[in-house]
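>>> Quick one, what's the 3D model for this:
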Amino acid sequence: MSETLRNSIKTMVKETFEGRLSEGSMFTESQPNSGLFGTLDQLTANEASIAVKGTTVAAHADHTRFYLWGTNAILKDGKQPKMDWGESWKINLVDEKGWSRIREELLHEYLTFLETLDVIEWNELLTKEVLGSLAHSAYHLGAIRQMLKVIKV
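Prediction:
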């Protein structure tokens, strides 16, 4: 894979999780903390536990962590681990400790993902997995930001 393409993918992944990285933005707001981490950090555990259309921000955040964990396993081992997708949506109510744990584990999976992008042997399967994970994470960022319009009234 070309270095230009790999760096472009990394930039988009960083924007999804960290928000705007420079003066402009490709798809998040052009302000600090517009990525997933800045968005999640705005919420208390109680707010992250408010159900909007049947799910919570806590569930979206943990599901995103779960998906990244699976992606990281595929990038490391070349095969998908056994994953219980239904289980990844079961978190509803969280206390402050649980909310902090979800965000810390999401950060860990994100940092692992970023590091792995520099060392994997890129091929079609892994490229699709990386791009799928980018799209999946960006989708959940958008869903969470829409949920904030109900939660932060």
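>>> which residue ranges form the helices in this structure?
3-18, 36-41, 45-48, 57-77, 96-117, 124-151 (DSSP state H).
>>> can you put those helices in JSON lines and add distance to residue 87, mean neighbour count and mean pLDDT?
C-betas here are computed from N, CA, C, even on glycine. JSON lines is the format used below for the helices of the chain (distance: least, CB to CB, whole Å; neighbours: other CB atoms under 10 Å; pLDDT from 0 to 100):
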{"stretch": "helix 3-18", "distance to residue 87": "23", "mean neighbour count": "16", "mean pLDDT": "91"}
{"stretch": "helix 36-41", "distance to residue 87": "20", "mean neighbour count": "19", "mean pLDDT": "96"}
{"stretch": "helix 45-48", "distance to residue 87": "18", "mean neighbour count": "18", "mean pLDDT": "98"}
{"stretch": "helix 57-77", "distance to residue 87": "8", "mean neighbour count": "21", "mean pLDDT": "96"}
{"stretch": "helix 96-117", "distance to residue 87": "14", "mean neighbour count": "16", "mean pLDDT": "97"}
{"stretch": "helix 124-151", "distance to residue 87": "17", "mean neighbour count": "16", "mean pLDDT": "95"}
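>>> just checking, residue 36 touches residue 64?
Yes - contact criterion CB atoms under 8 Å: residue 36 and residue 64 qualify, at 7.1 Å.
>>> what sits in contact with each of those two?
106, 137, 140 (CB atoms under 8 Å, 6 or more residues apart in numbering).
>>> Distance check, the second one against residue 3.
Relative to residue 3, residue 137 is positioned 22 Å away (CB to CB, to the nearest Å).
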